[in-house]
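In: Sequence first, predicted model second:
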Amino acid sequence: MSQPDFAGAIEHALLRLERELAPELVYHSVYHTRDDVLPAVEWLAALEHISDEQLALLRTAAAFHDIGFIEQAREHEKIGVRIAGETLPRFGFTVAQIRQIGRMIRATQLSQTPETVLEQILVDADLDVFGRDDFMRRNADLRAELAARGQLATDAEWLGSQMDFLSTHHYFTAAAQRTRTAMKQRNLEMLAERLKETAAIPAT
């Protein structure tokens, strides 16, 4: 049996993200998928010793995991599963492969409950930024994106909510736990420092 056109499917998804995502999506942009999640999927898969065929399915799921945002933010994972199901047969994917990809996409929905190692890798890759040194910059992008959608917050509200999020989050794969936990803790400390600074500024 011939292999699916993995590269073609991924290219198709990235092109749709580049062309169809709303400009106010400065966090959930094509950059997030192409330059954050896909590279994270690849290095986590290498550390977890995933086979080439499974990695190809995982990379496809990563490319489609946020494609639902081209329609709407709410339940974008469910929309992404539908779009993948409509698109991937044209690239030679089997029903079983499409179902597996759909389960990986669904696993990224908060609160995350990945069941397989592939789902765990995609979930960890999606929030890889929590344990990176560009977290504060990308977190500002997320705040700007939510503000553009009308979800406004004071500095104290935002910082407090992000501290809560990082405090309750945990990486699922041993690879992410080993390589990202220390920097995630430092990012949490930076949020706490900024919240403390915010509280010290007198009200005008």
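Out: Sure thing, it's come through.

In: Going by C-alpha atoms from here, please, whenever you check contacts or count neighbours.
Out: Will do.

In: All the helices of this structure, in order from the start?
Out: 6-20, 30-31, 38-47, 52-64, 76-87, 95-107, 117-126, 135-148, 155-168, 174-200 (DSSP state H).

In: and those, which is most packed in?
Out: Neighbour counts (mean count of other Cα atoms under 10 Å) averaged over each of the helices of the chain peak at helix 117-126, with a mean of 25.

In: now that one: how far from the chain's centre is it?
Out: 9 Å (Cα atoms, centre = their mean, to the nearest Å).

In: re the thing from before, nearest to I70, of the helices of the chain?
Out: Closest to I70 of the helices of the chain is helix 6-20 (Cα to Cα; 5.7 Å).

In: quick one: low-confidence parts of this protein?
Out: Residues of the chain that meet the criterion pLDDT under 70 lie in 1, 201-204.

In: Distance check, the closest residue to T113 other than its chain neighbours against L17.
Out: Once flanking residues are discounted, T113 sits nearest to A107: 5.8 Å by Cα to Cα, 6 or more residues apart in numbering. Distance of A107 to L17, given as Cα to Cα, to the nearest Å: 20 Å.

In: and if you look at W43?
Out: Taking Cα to Cα, one finds W43 at 23 Å from L17.

In: can you tell me which residues contact the most centrally placed residue in the chain?
Out: Centroid check for the chain by Cα atoms, centre = their mean gives D126 as the closest residue, at 2.6 Å. Listed by Cα atoms under 8 Å, 6 or more residues apart in numbering, the contact partners of D126 are D36, V37, T108.

In: Dump those to a markdown table, plus neighbour count and distance to D66.
Out: As requested, the contacts of D126 are exported to a markdown table (neighbours: other Cα atoms under 10 Å; distance: Cα to Cα, whole Å):
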| residue | neighbour count | distance to D66 |
| --- | --- | --- |
| D36 | 16 | 12 |
| V37 | 24 | 10 |
| T108 | 23 | 9 |
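
In: Adding distance to T173 as columns, could you present those residues in CSV?
Out: Converted to CSV, the contacts of D126 look like this (distance: Cα to Cα, whole Å):
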residue, distance to T173
D36, 17
V37, 15
T108, 14
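
In: A140: which of those is nearest?
Out: When the contacts of D126 are compared against A140 (criterion: Cα to Cα), the nearest one is D36, at 15.6 Å.

In: Hmm, A96 and G85 touching each other?
Out: No - counting by Cα atoms under 8 Å, G85 does not reach A96; the two are 10.8 Å apart.

In: which ones are touching the closest residue to A61 other than its chain neighbours?
Out: Excluding the flanking residues, the one nearest A61 by Cα to Cα, 6+ apart is I101, at 5.2 Å. Listed by Cα under 8 Å, 6+ apart, the contact set of I101 reads L57, L58, T60, A61, V81.

In: mind redoing it with 10 Å?
Out: When contacts are counted by Cα atoms under 10 Å, 6 or more residues apart in numbering, I101 touches 57-62, 64-65, 81, 84-85, 88, 95, 107, 118-119.

In: same check, this time on I79
Out: Contacts of I79 by Cα under 10 Å, 6+ apart are H65, D66, I67, G68, F69, I70, E71, Q72, A73, G85, I105, R106.
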